[in-house]
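# below are the sequence and a predicted model; questions follow.
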Amino acid sequence: MEFPVQIYLDRLARDMREVEGGTPYQGIPATAEMDPALYGVSLTTVDGHSYAAGDSDHLFSLQSISKALTYGMALDDLGTEDVLAKIDVEPSGDPFNEISLQSGTGRPDNPMINAGAIATTSLIKGRGGRDRMGRILMTFSAAAGRELKVSEQVFRSEDRTGHRNRAMAWLLRSFDIIESDPEPIVQDYFRQCSVMVTAEDLSMMAATLANQGVNPASGERVFTPHTVRWMLSVMSTCGMYDDAGTWAIEVGLPAKSGVGGGVLVVVPGQLGIGVFSPPLDEHGTSVRGAQTVRQLADDLGLHYSDAP
Ligand code: GLN
């Protein structure tokens, strides 16, 4: 017997394919060349049931969705106080690549904008025989419940074209927000953006966060509950950059977008949502991804103001 959820999701995917508008991210060749017709959606419940429709197993780069996960790693490694000393938690309302550094101290406003995310990466150190990137990949994989890989092709194009991110890293170094050579740090930032995932992976990662940091399929603890609170709060206020206010009204759920076309959304205590479709709006968010999440929030009554 087919679950009603599956029927609902198949219909949703069919409807969403009709939604037009947006352009795949032109910043790097690897995303600029993506087929704009691709669309995938996946839901995973906190008891580990997954549902998917469309191109839900198509690989794309994680991009800025990685920022929420490395922020969780830094919090678990260092504790909230030390992380807060380097990176604030205040929404800047700026686009993702804005140079939002506080005057005098150079502290980035939040870990979701690029400056804050690069500073976050600098806080993650090698440990237990693994270097920084090895640990990042291991943690992302644990959240997704399968072994993820970095796309060398995406990494190379990020590395070749990421002048603004590189400049930001050096600016952070000048303020001592970054305390070591910026070059390996910015390279690992490009690598974390180049980790390849599917919409199904995103929904499992989101379900791990909805489940207070425990992957609901494997039972593995990836983040502490205290860290998850920080991650979700910062995603709620800053995850959608200069669209965060509108998103709060229309969706009312912690979320993170990436220019690879992915959107990760958490329904705390209930559900993880992953959507993928390359064409982006002016905020760098997937047009069909955002539309899907608005539709799901409406149909399933997920907005926090809908709570009975
Ligand atoms: N790699 C991209 C950058 O650093 C990620 C941006 C994004 O997904 N919003 O510019």
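Here it is on my side, so go on. Numbers count the residues shown, from 1 in each chain.

# and the residue in the stretch 201-308 of the chain that the ligand sits nearest to, how far from residue 181?
Using Cβ to the nearest ligand atom, the closest approach of the stretch 201-308 of the chain to the ligand is made by residue 259 at 3.6 Å. (Glycine included, C-beta is placed from N, CA and C.) Residue 259 is 26 Å from residue 181, where distance means Cβ to Cβ, to the nearest Å.

# looking at those two, which is more packed in?
residue 259 (24 against 11; other Cβ atoms under 10 Å).

# now the strands for the chain?
Here the chain has its strands, by DSSP state E, at 40-45, 50-54, 60-61, 149-150, 195-197, 255-257, 262-267, 271-276.

# could you dump the ones you listed into JSON lines with mean pLDDT added?
As requested, those are exported to JSON lines (pLDDT from 0 to 100):
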{"stretch": "strand 40-45", "mean pLDDT": "98"}
{"stretch": "strand 50-54", "mean pLDDT": "98"}
{"stretch": "strand 60-61", "mean pLDDT": "97"}
{"stretch": "strand 149-150", "mean pLDDT": "98"}
{"stretch": "strand 195-197", "mean pLDDT": "98"}
{"stretch": "strand 255-257", "mean pLDDT": "97"}
{"stretch": "strand 262-267", "mean pLDDT": "98"}
{"stretch": "strand 271-276", "mean pLDDT": "98"}
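
# out of those strands, which is closest to residue 240?
Nearest to residue 240 among those is strand 255-257; the distance by Cβ to Cβ comes to 6.1 Å.

# any part of the closest one near the ligand?
No: among the residues of strand 255-257, none lie within reach of the ligand under Cβ under 6 Å from any ligand atom; the closest is 6.7 Å away.

# ok, that strand: who's next to it in the sheet?
strand 262-267 (antiparallel) (DSSP bridges).

# contact partners for the residue lying closest to residue 179 once chain neighbours are set aside?
Nearest non-adjacent residue to residue 179, counting by Cβ to Cβ, 6 or more residues apart in numbering: residue 122, 7.2 Å away. Counting by Cβ atoms under 8 Å, 6 or more residues apart in numbering, residue 122 touches 172, 177-180, 182, 185.

# now, which of these sits nearest the ligand?
When the contacts of residue 122 are compared for distance to the ligand (Cβ to the nearest ligand atom), residue 185 comes out closest, at 12.9 Å.

# what residues are up against the nearest residue to residue 215 once chain neighbours are set aside?
Spatially, and ignoring its direct neighbours in sequence, residue 215 is nearest to residue 208 (4.7 Å; Cβ to Cβ, 6+ apart). Each residue near residue 208 by Cβ under 8 Å, 6+ apart is listed here: 143, 214-216, 222-223, 272.

# one more time with 10 Å, if that's ok
Neighbouring residues of residue 208 by Cβ atoms under 10 Å, 6 or more residues apart in numbering: 44, 46, 69, 72, 142-145, 214-218, 220-223, 228, 266, 272.

# with distance to residue 237 and mean neighbour count added, can I get the strands of the chain in a markdown table?
Formatted as a markdown table, the strands of the chain follow (distance: least, Cβ to Cβ, whole Å; neighbours: other Cβ atoms under 10 Å):
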| stretch | distance to residue 237 | mean neighbour count |
| --- | --- | --- |
| strand 40-45 | 24 | 27 |
| strand 50-54 | 28 | 21 |
| strand 60-61 | 25 | 29 |
| strand 149-150 | 29 | 16 |
| strand 195-197 | 24 | 24 |
| strand 255-257 | 11 | 29 |
| strand 262-267 | 14 | 28 |
| strand 271-276 | 19 | 29 |
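
# among those, which comes closest to residue 116?
strand 255-257 (12.9 Å).

# how much space between the closest residue to residue 185 other than its chain neighbours and the ligand?
Among residues not flanking residue 185 along the chain, residue 122 sits closest, at 4.6 Å (Cβ to Cβ, 6+ apart). Going from residue 122 to the ligand by Cβ to the nearest ligand atom, to the nearest Å gives 15 Å.

# also residue 106?
Noted for residue 106: a distance of 19 Å to the ligand, by Cβ to the nearest ligand atom.

# can you name the residues that contact that residue?
Residue 106 makes contact with 86, 115, 119, 171-178 under the criterion Cβ under 10 Å, 6+ apart.
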